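Asks: Next input, structure requested:
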Amino acid sequence: MKQILTEIQSGEFAKKWIAENEQGMPNYKTLRDKDMTHPIEVVGARLRGMMPFLDPVQLPQPSTV
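Replies: Numbers count the residues shown, from 1 in each chain. So this is what the prediction gives:
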């Protein structure tokens with residue numbers, strides 16, 4: 001936590017964030033896609049499908065880019 005706080009205070013975090021966005025967010029997209037295919041998300045989707053009393057919620061699928 002101290003390391004992250006130091007990066008925020010020094011501006012290093014903002015520089016990395018801006019660079020990531022300028023490059024098309026490759027790291028962010030990779031992490032997001034990895035999270036969306038995690039077993040807990042796969043099981044969660046199946047479980048939500050078994051609960052007709054819930055409003056249907058369709059989570060966005062990983063991009064193929």
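
Asks: Just the endpoints, please. Distance across stretch 14-29?
Replies: Terminal residues of stretch 14-29 lie 18 Å apart, using C-alpha to C-alpha, to the nearest Å.

Asks: Residue 45 and residue 55: what is the separation?
Replies: Residue 45 is 15 Å from residue 55, where distance means C-beta to C-beta, to the nearest Å. C-beta: built from backbone N, CA, C; applies to glycine.

Asks: of these two, who's got more company?
Replies: Between residue 45 and residue 55, counted using other C-beta atoms under 10 Å, the more crowded position is residue 45 (13 against 6).

Asks: Which other helices and strands does the helix or strand hosting residue 15 contact?
Replies: Using DSSP states H and E, residue 15 sits within helix 12-22. Using 3 or more C-beta pairs under 8 Å, 6 or more residues apart in numbering; DSSP states H and E, the elements in contact with helix 12-22 are helix 2-10, helix 26-36.

Asks: which residues touch that helix?
Replies: When contacts are defined by C-beta atoms under 8 Å, 6 or more residues apart in numbering, helix 12-22 is touched by residues 4, 6, 7, 8, 26, 27, 28.

Asks: cutoff 10 Å now
Replies: By C-beta atoms under 10 Å, 6 or more residues apart in numbering, the list of residues contacting helix 12-22 from outside reads 4, 5, 6, 7, 8, 25, 26, 27, 28, 29.

Asks: Narrow these to those that are buried.
Replies: Restricting the contacts of helix 12-22 to buried positions leaves nothing, with burial counted as 16 or more other C-beta atoms under 10 Å.

Asks: Including mean pLDDT and distance to residue 49, could the helices and strands packed on helix 12-22 go into a markdown table?
Replies: Below are the helices and strands packed on helix 12-22 laid out as a markdown table (pLDDT from 0 to 100; distance: least, C-beta to C-beta, whole Å):
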| stretch | mean pLDDT | distance to residue 49 |
| --- | --- | --- |
| helix 2-10 | 95 | 37 |
| helix 26-36 | 92 | 16 |
